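Q: Starting from these lines, generate the structure:
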Amino acid sequence: MAMATVSGKGWIVIPKEVRERFGLKKGDKVHIIDDYGSIMIVPVSKDPIAEGYGMLKGGTGTEGLLADRRWELEKEERGLPPPLSER
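A: Reported below is the predicted structural model:
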């Protein structure tokens with residue numbers, strides 16, 4: 001796990017191995033996210049259009065959602081118990 005120290009001005013240096021892993025260069029932007037007691041640093045997309053290209057290829061996932069709903073309805077109609085996660 002990488003570690004950084006907060007300076008008197010509130011600055012931190014992202015360790016080199018982390019910068020290299022995420023391709024962070026001088027001038028790149030990051031989001032600072034407060035995650036209920038944790039802080040997340042997330043790189044801002046350099047080209048969101050290019051990164052999103054092809055996301056919907058092969059459908060929107062609606063077919064899978066509808067199949068899940070049909071399966072749940074069939075289960076209810078047959079009187080099967082709910083999954084353990086719902087008990």
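
Q: contact partners of stretch 11-30?
A: Outside of stretch 11-30, the residues that reach it under the criterion C-beta atoms under 8 Å, 6 or more residues apart in numbering are 2-6, 41-44, 46. (Glycine included, C-beta is placed from N, CA and C.)

Q: buried set for that stretch?
A: Taking 16 or more other C-beta atoms under 10 Å as the basis for neighbour counts, the residues of stretch 11-30 that come out buried are 19, 24.

Q: Show me where the protein has its strands.
A: Along the chain, the segments classed as strands by DSSP state E run 30-34, 39-43.

Q: now these as CSV including distance to Glu72?
A: Formatted as CSV, the strands of the chain follow (distance: least, C-beta to C-beta, whole Å):
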stretch, distance to Glu72
strand 30-34, 33
strand 39-43, 33
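
Q: those helices in the protein, which residues are they?
A: Per DSSP state H, the chain carries helices over the ranges 16-22, 48-52, 62-78.

Q: Just give me the residue closest to the centre of the protein.
A: Most central residue of the chain, judged by C-alpha distance to the mean C-alpha position with C-alpha atoms, centre = their mean, is Val42 at 9.7 Å.

Q: check contacts around it.
A: Val42 makes contacts with 30-31, 33, as judged by C-beta under 8 Å, 6+ apart.

Q: can you tell me which of those lies nearest to Ala67?
A: Ranked by distance to Ala67 (C-beta to C-beta), those are led by Ile33 at 33.5 Å.

Q: residues in contact with that closest one?
A: Ile33 sits next to 39-42 when contact means C-beta under 8 Å, 6+ apart.

Q: Next, give me the two most distant ones among those residues.
A: Checking these against each other with C-beta to C-beta, the farthest-apart pair comes out as Ile39 and Val42, at 10.5 Å.
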